[in-house]
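>>> need a 3D model of the sequence below.
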Amino acid sequence: MASQLKVDTLTGVTTAGSISVTGEGNSTTTNLQQGLAKAWANIDGDAGTAATRDSFNVASITDAGSGQYDCFYTNNMSNDDYSFVCSQKMAANPFPASDAYAQNQETTKFFINSALPGTNNYDTDVANAAIFGDLA
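This next block holds a predicted model:
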């Protein structure tokens with residue numbers, strides 16, 4: 001019979017915030033805390049003034065210019081060596097050869113820049129970002 005576990009908080013025995021999960025094949029373990037996204041955002045960049053549609057651990061964003069978005073953390077990162085994954089979609093052309101990239105990663109914010117290769121930055125319809133690393 002399948003079991004169901006309902007809890008509000010999981011706490012590690014050895015280290016409170018560290019929980020190991022047995023991986024596929026029962027031969028390896030993964031640290032649950034290290035595998036979680038520490039922040040993410042879905043940004044509407046062509047709304048006049050950029051705004052988040054939805055986010056996690058992002059307190060606010062600033063429209064820093066055409067195709068440029070500063071995203072400030074609610075809870076800061078412990079250093080600026082975290083992993084940052086981002087993508088974008090332009091409404092006029094859903095499959096452009098476009099660039100969305102991280103720039104100026106800091107402990108208090110991350111920065112997204114949107115551009116078409118060989119052209120200027122542009123305000124994108126959708127910019128997405130996910131942050132993986134250690135919280136302060």
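>>> next helix or strand past the worst-scoring helix or strand of the chain on mean pLDDT?
Least confident element among the helices and strands of the chain, by mean pLDDT, DSSP states H and E: strand 99-103 (a mean of 66). Downstream of strand 99-103, the next assigned helix or strand under DSSP states H and E is strand 109-115.
>>> next SSE after that next one?
With elements assigned by DSSP H and E, the helix or strand that comes after strand 109-115 is strand 126-132.
>>> bridge partners for L135, pull those for me.
M77 (DSSP bridges).
>>> count of neighbours near it?
Counted with other Cβ atoms under 10 Å, the neighbours of L135 add up to 17. Using the backbone N, CA and C atoms, a C-beta is placed for each residue, glycine as well.
>>> next, work out how far apart the residue nearest to G133 when sequence neighbours are not counted and A59 are.
Nearest residue to G133, sequence neighbours excluded (Cβ to Cβ, 6 or more residues apart in numbering): Y82, at 2.6 Å. Applying Cβ to Cβ, to the nearest Å, one obtains 17 Å for the distance of Y82 from A59.
>>> cool, and A41?
Per Cβ to Cβ, A41 is found 11 Å from A59.
>>> about what we covered before: Y82 and A59: who's more crowded?
Each of Y82 and A59 has its neighbours counted (other Cβ under 10 Å); Y82 has more, 18 against 14.
>>> let me see the contact set for the more buried one.
Each residue near Y82 by Cβ atoms under 8 Å, 6 or more residues apart in numbering is listed here: K38, Q105, I131, F132, G133, D134.
>>> what about S87, neighbour count?
S87, neighbours per other Cβ under 10 Å, totals 15.
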